[in-house]
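*Asks:* Take this sequence and fold it.
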Amino acid sequence: MRIKLNEIPEDGREYTFNRQTGELNEDLRDLIGDLPFEAKIFIKPMNTKNYDVRGFIKTATQEMCSLCGDTFKFKVEAKIQEILIPGADEIKNSQFAKSNHVSELDESGPGVSEYKNDIFEVGEFLHEAIAINVPFNPKPDLNDDGSCTICLKTLSQEAFYYDEKMSEVVKTNPFQALKSIKVN
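*Replies:* Numbers count the residues shown, from 1 in each chain. This next block holds a predicted model:
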């Protein structure tokens, strides 16, 4: 799904997407399959080149629990607050210095995305918004008693580590084997 930014009026325009409207079904299929989704975005020009994008997307993804291995629906609710700026033309064999000051990131403020040729790839943008909200080790919600809502097992609230303690290696004397050899 592409939006022509130069056709958006000065007072902005709202876009609504869901499974029934169908514009994003293929763009989101690899993440959410046939699960329902709802997305609303409002795009307003800030000046002749930059645009303010605000909205949300609500959906779910099919994930595998990182503790028990069962499949469950992981709810995703992403708030969108972004500024669109024109992308820099890439020059062959050139190097651009890009700083990434994650430690200085203000999570309450807007993010920045680039667009090319006055086109905003809304499907690609919302795909990324969903994917970035799925944790590395997804787990389902817990019941009041601390048990998993899917498998009903009581899962540990402690951090899970893959580091195993290895058994102690017993050093053997290589000449020990020579003692059993008899020479005639």
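
*Asks:* what pLDDT, on average, does stretch 146-158 get?
*Replies:* Stretch 146-158 shows a mean pLDDT of 68.

*Asks:* mind listing what Val53 touches?
*Replies:* Neighbouring residues of Val53 by CB atoms under 8 Å, 6 or more residues apart in numbering: Ile41, Phe42, Ile43, Ile80, Gln81, Glu82, Ile83, Leu84, Ser113, Phe120. Glycine gets a C-beta too; all of them are placed from N, C-alpha and C.

*Asks:* can you do 7 Å?
*Replies:* Contacts for Val53 (CB atoms under 7 Å, 6 or more residues apart in numbering) come out as Ile41, Ile43, Ile80, Glu82, Leu84.

*Asks:* For the closest residue to the last one other than its chain neighbours, name its beta-bridge partners.
*Replies:* Nearest non-adjacent residue to Leu84, counting by CB to CB, 6 or more residues apart in numbering: Tyr51, 4.2 Å away. In this structure, Tyr51 bridges to Pro45, Leu84 when assessed by DSSP bridges.

*Asks:* returning to what we had before: tell me which entries of the contacts of Val53 lie within strands.
*Replies:* Ile41, Ile43, Ile80, Glu82, Leu84 (DSSP state E).

*Asks:* That concludes my questions; thank you for your assistance.
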